[in-house]
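> Kindly return the folded structure for what I paste below:
(2 chains)
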Amino acid sequence: MPETSDPAAALGPLYEARKGVYPKAVDGFFRRFKWAIMAFTLAVYYITPWIRWDRGEYAPDQAVLIDMANRRFYMFQIEIWPHEFYYVAGMLIMAGIGLFLVTSAVGRAWCGYSCPQTVWTDLFQHVDRFVDGDRNAQMRLANGPWTAKKIGKRALKYAIYLFVAFWTGGAWIMYFADAPTLTVDFWTGQAAAIAYITVAVLTATTFVFGGFMREQVCIYMCPWPRIQTAMMDEKSLLVTYKDWRGEQRGSVKKAAKEPEAFGDCVDCNQCVAVCPTGIDIREGPQIGCITCALCIDACDSVMEQVGRDRGLIDYCTLDDAEAEKAGEAPTPPIKTLFRPRTVIYFTIWSAIGAAMLFTLGQRSRLDLSVEHGRNPVYVQLSDGTIRNNYVVKIRNMETRPRSVNLRISGLDDSVLWMAGGTRAQAGNKLTINVAPDSTGKIPVFVAAPGDGPAQTSFDITVESQDDAEVGDSDEIVFERPER
Amino acid sequence: MMAKNKQVDEATGTDFVGHEWDGIEELDTPMPRWWVWTFYLTIIWGIVYLILYPAWPMVNSATKGVLGWTSRGELAAEMSALEKERAPILKALADIPLKDLPANERLMQTAIQGGQAAFKTHCVQCHGSGAAGSKGYPNLNDDEWLWGGDMEAIQYSIVNGIRNPDHADTRFSQMPAFGDILSAGEIDALTSHVLNMSERGKLVANGAALYEQNCAVCHGADGKGDRAQGAPSLTDAISLYGNDADSIRHSISKSRQGVMPRWNDKLDPVTIKMLTAFVWSRGGGEQPVSSEADTGADASATGAENAGDQ
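The predicted structure follows:
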């Protein structure tokens, strides 16, 4: 068998040069749904950094702000410090499990509707239609000679691509600094170099990914379709061509002559023409299908024109497809939706969410950590008293200045004071002012009688003056000379 | 052999190299283009670098490079940039009177940090890295001061040194070596008396009289010492040269003459000011003895009480 002796030749090349995809404009329920999602996601992306949120005079008034320079993450009324980064980790885990949940419940809905690659590709394809016209005009222009008109149209199209890409990159940096200030700084050349670099990189990636690579990103670069392929089961929602109804394909004229020989598919190729990834859904489920459902819209409108039932191409699970083929009733959607898998994903997802909300509500915005001075470990004073030095770090995580009380307890006859004060006036309590939204680092001295064990554990406690319930405590050792 | 070299692999259209191991042959696959171009680019980069930067070793040095770059020059530029950045705060530190420094939180913090750095360079050799000293070298963390522990006194000690032979303003005191003056028995009696002053020795008959005659002039009748003369207190728990009987006996008979260099000829006034702030902040720092300071202390005491009431 000479034709199978070379496996590489039998498989064909592993990489195929990109064939142009010129999706046709279409209207219908899913197209309108996509418009709505596109408007919503783009609005969220562009507008969010401009929402103001009053936090008082000591914190930025931007609702969503990732303040790298000051190491703060603001999201509406939530403020996250670097040591609370697990909230961000928790959000990412929720986003991951959320993707699993969505995939198991409604298939590749993320890919089809809200993935940035899908949204921006859709946007760029509208730009194509705006400049070059619909599918046929685009194909004619692509295959035609380089006339002045073509050059003009290409220049205009790429200029719009670049404008959209630049606007995309420009919006991204607004999340990392005060948006109005950064906008002024950016255009007057005063912004940080990293701002210009970020905009340049994101402009380039948006221009290339949205303008030229498009469906190739989904098929060759993105790991998510591959992971989803492994996650699919017979109850996953897929865009399905109902071949048992559609085959044998034939035009309306042919079908009129021999009604028995032909199915409902009129072989008009509209499902292929509108597909943004350029696949033929009639070949069955495939990795190129992002389940955007535009072929459903196209097919439904054709079916209406020829007077046949809608839904030749439709959202359908593999189980339902089998049932329908065998003439049985499909599983009710509610049963497909609430199955162990989706319930387990939802339980995990909501448990993490509830745990995060609970800890967010419980977290103390006043935090203490005490470090014992090791050089020297202790100091003997002239009256024989032993003094230890500590560095107390008080984190005031509220955006207002606070007076806090620092107390020591569990060390007999001990007193506490700061540099500038004196032992004679010291008691077991100190009042310290901590600047808003910052960590105060205060060296303190603790003295206790010289006769005692070499090491004594005691507590240093910090509490807010206006609410004694709010505070933190740290156990630390007091050292004396060995006897 | 040549004929075999010319053989071409049917599947890929690539030449064979001509090597064969048990029927497995090696293909002469060309380098990827991007790799080759990257390689050429590195060569061009290398040539440009050779021209711009010091690179080619000569007998005594290396070629200078067109840009005239040197690592020493880079360091000098960085240092001068740093100096420029620090100039305003150092100016402020130079201008502020010493007594106002502790109240200025920002300048005080700068002074303490800068003083710590200077301390690590100039002072740790004797006073130790934690300023805790050792026998004969004062512990700067405690509340015992031979010459005074307020900012002015500390600065004076740093500026002028102690028993500095070439400096008229240096702090100076000289305890006689009583081994040449008193008998061994009398020194033993004095040792017991001094030990008794810090409540650790037996009272001996002639101790008080010997102390009165020989020591009270400087150390005071009550043994509390005198800072004006650098005479240490004999009544407390810590002692620079050790407070066991042997150390005290040695101090009485041989005398101790610790020396500290003056720093006004080595360090600039701002550095000395920063060192003062650092030493003062170690825990033993005292408020200046004056009426002004007393009211200040009262005010802070009242403040503390108020804070306690809330």
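
> Residue of the stretch 101-250 of chain B closest to chain A, please.
Relative to chain A, the nearest point of the stretch 101-250 of chain B is residue B:130 (3.2 Å; Cβ to the nearest Cβ). Bear in mind the C-beta positions are built from the backbone N, C-alpha and C, glycine included.

> Show the contacting residues for that residue.
A:374, A:375, A:376, B:141 (Cβ atoms under 8 Å, 6 or more residues apart in numbering or on different chains).

> Mind giving me the ChimeraX command for buried ones among these?
This is how ChimeraX selects the buried members of the contacts of residue B:130, with burial counted by 16 or more other Cβ atoms under 10 Å in any protein chain shown:
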select /A:376 /B:141
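
> Quick check: the farthest pair among the contacts of residue B:130?
Comparing all pairs in the contacts of residue B:130 by Cβ to Cβ, the longest separation belongs to A:374 and B:141, at 12.6 Å.

> Give me the phi and psi for the residue of the stretch 351-483 of chain A found nearest chain B.
Closest residue of the stretch 351-483 of chain A to chain B, Cβ to the nearest Cβ: residue A:375 (3.2 Å). Reported as degrees, to the nearest 10, the phi and psi values for residue A:375 are phi -140, psi 90.

> If I look at it, what pLDDT would I see?
Looking at residue A:375, its pLDDT stands at 88.

> Hmm, it is touching residue B:129, no?
Yes. The criterion here is Cβ atoms under 8 Å, and residue A:375 meets it with residue B:129 at 6.0 Å.

> Quick one: neighbours of residue A:331, just the number.
15 (other Cβ atoms under 10 Å in any protein chain shown).

> wait, what's in contact with it?
Residue A:331 is in contact with A:235, A:317, A:319, A:320, A:323, counting by Cβ under 8 Å, 6+ apart.

> Can you name the residues that contact the first one?
Residue A:235 makes contacts with A:317, A:318, A:319, A:331, A:336, A:339, A:341, as judged by Cβ under 8 Å, 6+ apart.

> next one: residue A:355
residue A:90.

> do the one 3 residues further on as well
For residue A:358, the set of contacting residues under the criterion of Cβ under 8 Å, 6+ apart is empty.

> what helix or strand is it on?
helix A:340-362 (DSSP states H and E).

> How far off centre is that helix?
When C-alpha coordinates are averaged (Cα atoms, centre = their mean, to the nearest Å), helix A:340-362 and its chain have centres 17 Å apart.

> can you dump the C-alpha coordinates of it into PDB?
Output of helix A:340-362 as PDB, limited to C-alpha atoms (Å, rounded to 0.1, in the frame of the first residue of the first chain):
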ATOM      1  CA  PRO A 340     -24.600  16.500  39.400                       C
ATOM      2  CA  ARG A 341     -21.800  18.100  37.500                       C
ATOM      3  CA  THR A 342     -23.300  21.600  37.200                       C
ATOM      4  CA  VAL A 343     -24.500  21.400  40.800                       C
ATOM      5  CA  ILE A 344     -21.100  20.400  42.100                       C
ATOM      6  CA  TYR A 345     -19.400  23.200  40.100                       C
ATOM      7  CA  PHE A 346     -22.000  25.700  41.400                       C
ATOM      8  CA  THR A 347     -21.500  24.500  45.000                       C
ATOM      9  CA  ILE A 348     -17.800  24.900  44.800                       C
ATOM     10  CA  TRP A 349     -18.000  28.300  43.100                       C
ATOM     11  CA  SER A 350     -20.600  29.700  45.500                       C
ATOM     12  CA  ALA A 351     -18.800  28.200  48.500                       C
ATOM     13  CA  ILE A 352     -15.600  30.100  47.600                       C
ATOM     14  CA  GLY A 353     -17.700  33.200  46.900                       C
ATOM     15  CA  ALA A 354     -19.500  32.900  50.300                       C
ATOM     16  CA  ALA A 355     -16.300  32.300  52.100                       C
ATOM     17  CA  MET A 356     -14.700  35.300  50.600                       C
ATOM     18  CA  LEU A 357     -17.700  37.500  51.300                       C
ATOM     19  CA  PHE A 358     -17.700  36.300  54.900                       C
ATOM     20  CA  THR A 359     -14.000  36.900  55.500                       C
ATOM     21  CA  LEU A 360     -14.300  40.300  53.800                       C
ATOM     22  CA  GLY A 361     -17.000  41.200  56.200                       C
ATOM     23  CA  GLN A 362     -15.000  39.900  59.200                       C
END
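
> how about that helix: buried residues?
A:341, A:342, A:345, A:346, A:349, A:352, A:353, A:356.

> per-residue confidence at the third one?
What it means is residue A:345. 95.

> cool, and the one 5 residues further on?
Predicted confidence (pLDDT) at residue A:350: the value is 97.

> Which secondary structure element of chain B has the lowest mean pLDDT?
None of the helices or strands of chain B scores lower by mean pLDDT, DSSP states H and E than helix B:291-309, at a mean of 38.

> List the contacts of the residue of the stretch 351-483 of chain A closest to chain B.
Per Cβ under 8 Å, 6+ apart, neighbours of residue A:375: B:129, B:130, B:132.

> secondary structure class for residue A:407?
Here residue A:407 is recorded as strand under DSSP: H, G, I helix; E, B strand; the rest coil.

> Beta-bridge partners for it, please?
residue A:429, residue A:461 (DSSP bridges).

> residue boundaries of the strands in chain B?
Assigned by DSSP state E, the strands in chain B fall at B:16-21, B:24-27.

> just so I know, which of these lies nearest chain A?
Of all the strands of chain B, strand B:24-27 comes closest under Cβ to the nearest Cβ, at 13.9 Å.

> who does that closest one pair up with?
Those paired with strand B:24-27 in the sheet (DSSP bridges) are strand B:16-21 (antiparallel).
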